[in-house]
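*Asks:* Requesting a structural model of the entry that follows:
(one chain, ligands or ions: 1)
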Amino acid sequence: MSIGCRDLRVSAGGREVVAVSRLDVPAGETLAVLGPNGSGKSTLLRALAHLGGAARSGSVLLDGRTATTTELRRAVAAVLQRPVLQRATVLDNAAAGLRLRGVRRGEARHRARPWLDALGVAQLAGRDARTLSGGEAQRVAIARALAVGPRVLLLDEPFTGLDATTRTDLLADLRAALDRQRAAVLLVTHDREEARALADRTALLVNGEIRQLGPTAEVLDAPADQECATLLGFTTQLPPALTGREVLLVARPERCRPLAGSAPPPPDAVVVEGVLRRVVPLGGAFRLDLDTPAGSLTAVTTAVLTEGPGDAVRVAVAAADLRACR
Ligand SMILES: Nc1ncnc2c1ncn2[C@@H]1O[C@H](COP(=O)(O)OP(=O)(O)OP(=O)(O)O)[C@@H](O)[C@H]1O
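*Replies:* Residues are numbered from 1 along each chain as shown. Alright, predicted model coming up:
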């Protein structure tokens, strides 16, 4: 089953925080919604599930038809930030979604158990759920959502607060679990690597609007505008005044090379001159902050510079590492 929306607008605190004219996630696809803090990701996800009390207009679609709240309750399972587990065993919590849908207790437990296994927490089945660590609770909440065999799965930052190893393991477990279902999945995240690992397509949400949408690898590598560039880590930004080009050029700071002395730049590189403001050691690399006539510029290099703060520095960025933005 697909989920989508048309002209979905949500207001909170007296202003519009989400305005999405059109979004469609087909069955079997995972769409990541990537955006900075406060861009409206959680609000969009809740609005798609008709959750929460915010003022909402427009329509949510299931299989292309406007869906009622009752239809959404039946089709959609959501894992929200900081999931709440009941005062019960882990197995009963994993079975809770099925119980809500009218499945008998024994049957619900029977169907939930393989999902605890798939999420790597089967050994905790008999534990009181309130004694779990954050990462364990997160896994149980995901198992609870997957156990109902949802046709639409909404995940709101399911990896927040997990240590790096747990996060990597859970990403792999979730990827494998999603591959077993044909659900339409919407994953809210502010982490590019999560999007890369899980999502077929990625939407960039800035100020409540979808600025860019496409296959994940393409979107992550080709920001459409300056805010998308910042969100995607293209934080070295060269305005036309600095390069003489007609458009804003952006690059990842680690792709910018300081040029030693009078060394010639690579043939197709764009070269920018500036005054070194500071050098920050970053464990094996250095972050260089430069002042240029068109504002500040950041580069990251592993080279040890002979120049210091106040010195003139030239930075070269190869054409292949530059992206043109609106
Ligand atoms: N009940 C509310 N009252 C007032 N403002 C609200 C309310 N709910 C959300 N907002 C505002 O709406 C905007 C979007 O919030 P939302 O939680 O959707 O952002 P987000 O992209 O999920 O952020 P984060 O990455 O920090 O979780 C924020 O500016 C937030 O302060």
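*Asks:* When you work out contacts or count neighbours from here on, use the C-alpha atoms and nothing else.
*Replies:* OK.
*Asks:* residues from this structure in reach of the ligand?
*Replies:* Where proximity means C-alpha under 6 Å from any ligand atom, the interface of the chain facing the ligand comprises 12-13, 17, 36-43.
*Asks:* Between all of these, which two are separated the most?
*Replies:* Every pair in these was compared (C-alpha to C-alpha); the two farthest apart turn out to be G13 and P36, at 18.8 Å.
*Asks:* So for these two, which sits in the more crowded spot?
*Replies:* With other C-alpha atoms under 10 Å as the criterion, G13 and P36 differ in neighbour count, and P36 comes out ahead with 19 against 8.
*Asks:* Please point out which parts of stretch 270-285 sit buried.
*Replies:* Neighbour-count burial for stretch 270-285 flags 270-277, 279 (criterion: 16 or more other C-alpha atoms under 10 Å).
*Asks:* should've said stretch 254-273
*Replies:* Of the residues in stretch 254-273, those buried under the neighbour-count criterion (16+ other C-alpha under 10 Å) are 254-260, 265, 269-273.
*Asks:* In strands, which of these fall?
*Replies:* Using DSSP state E, the members of these that fall within strands are 256-259, 270-273.
*Asks:* Pipe the buried residues of stretch 270-285 into CSV and attach pLDDT per row.
*Replies:* Compiled in CSV, the buried residues of stretch 270-285 are given as follows (pLDDT from 0 to 100):
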residue, pLDDT
V270, 91
V271, 90
V272, 89
E273, 89
G274, 91
V275, 94
L276, 93
R277, 94
V279, 91
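*Asks:* of all the residues you listed, which comes closest to the ligand?
*Replies:* The nearest member of those to the ligand, counting by C-alpha to the nearest ligand atom, is V279 at 30.0 Å.
*Asks:* Drop anything exposed from the residues of the chain next to the ligand.
*Replies:* Buried positions within those, assessed by neighbour count (16+ other C-alpha under 10 Å), are 17, 36, 39-43.
*Asks:* Show me the beta-bridge partners of the most centrally placed residue in the chain.
*Replies:* Of all residues in the chain, the one closest to the mean position by C-alpha atoms, centre = their mean is T189, 2.8 Å from it. For T189, the residues forming beta bridges with it (DSSP bridges) are L34.
*Asks:* Identify the residues contacting the residue of the stretch 101-250 of the chain found nearest the ligand.
*Replies:* As assessed by C-alpha to the nearest ligand atom, the ligand sits closest to H190 within the stretch 101-250 of the chain, at 6.3 Å. The neighbours of H190, taking C-alpha atoms under 8 Å, 6 or more residues apart in numbering as the test, are 33-37, 157.
*Asks:* Same list (these) but as a markdown table, adding pLDDT.
*Replies:* Listed next are the contacts of H190 as a markdown table, based on pLDDT from 0 to 100:
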| residue | pLDDT |
| --- | --- |
| V33 | 97 |
| L34 | 96 |
| G35 | 94 |
| P36 | 91 |
| N37 | 91 |
| E157 | 90 |
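*Asks:* And the residues you listed, which is closest to the ligand?
*Replies:* Proximity of the contacts of H190 to the ligand was ranked by C-alpha to the nearest ligand atom; the top entry is N37 with 3.5 Å.
*Asks:* how close does the residue of the chain positioned farthest from its centre get to V25?
*Replies:* Of all residues in the chain, S262 sits farthest from the chain's C-alpha centroid, using C-alpha atoms, centre = their mean; the distance is 42.1 Å. S262 sits 53 Å away from V25, taking C-alpha to C-alpha, to the nearest Å as the criterion.
*Asks:* Could you do E193 as well?
*Replies:* Between E193 and V25 the computed distance is 20 Å (C-alpha to C-alpha).
*Asks:* who has more neighbours, those two?
*Replies:* When neighbours are counted by other C-alpha under 10 Å, E193 and V25 differ, and V25 comes out ahead with 21 against 11.
*Asks:* In contact with the more buried one, which residues?
*Replies:* In this structure, V25 makes contact with 2-4, 31, 184-186, judged by C-alpha under 8 Å, 6+ apart.
*Asks:* can we see that at 7 Å?
*Replies:* 2-4, 31, 184 (C-alpha atoms under 7 Å, 6 or more residues apart in numbering).
*Asks:* what are the ranges of the strands in the stretch 151-300 of the chain?
*Replies:* For the stretch 151-300 of the chain, the strands identified by DSSP state E, counting those that start in this stretch occupy 152-156, 184-189, 201-206, 209-215, 236-238, 248-251, 256-259, 270-281, 286-292, 295-301, in order along the chain.
*Asks:* In TSV: those, plus distance to L72.
*Replies:* Formatted as TSV, the strands of the stretch 151-300 of the chain follow (distance: least, C-alpha to C-alpha, whole Å):
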stretch	distance to L72
strand 152-156	9
strand 184-189	13
strand 201-206	22
strand 209-215	23
strand 236-238	43
strand 248-251	41
strand 256-259	48
strand 270-281	50
strand 286-292	48
strand 295-301	46
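*Asks:* Tell me which of those strands sits nearest to V76.
*Replies:* strand 152-156 (4.7 Å).
*Asks:* Which of the three states applies to A96?
*Replies:* Here A96 is recorded as helix under DSSP: H, G, I helix; E, B strand; the rest coil.
*Asks:* Who's the closest spatial neighbour of it, skipping the chain neighbours?
*Replies:* The shortest distance from A96 to any non-neighbouring residue, by C-alpha to C-alpha, 6 or more residues apart in numbering, is to R144 (6.7 Å).
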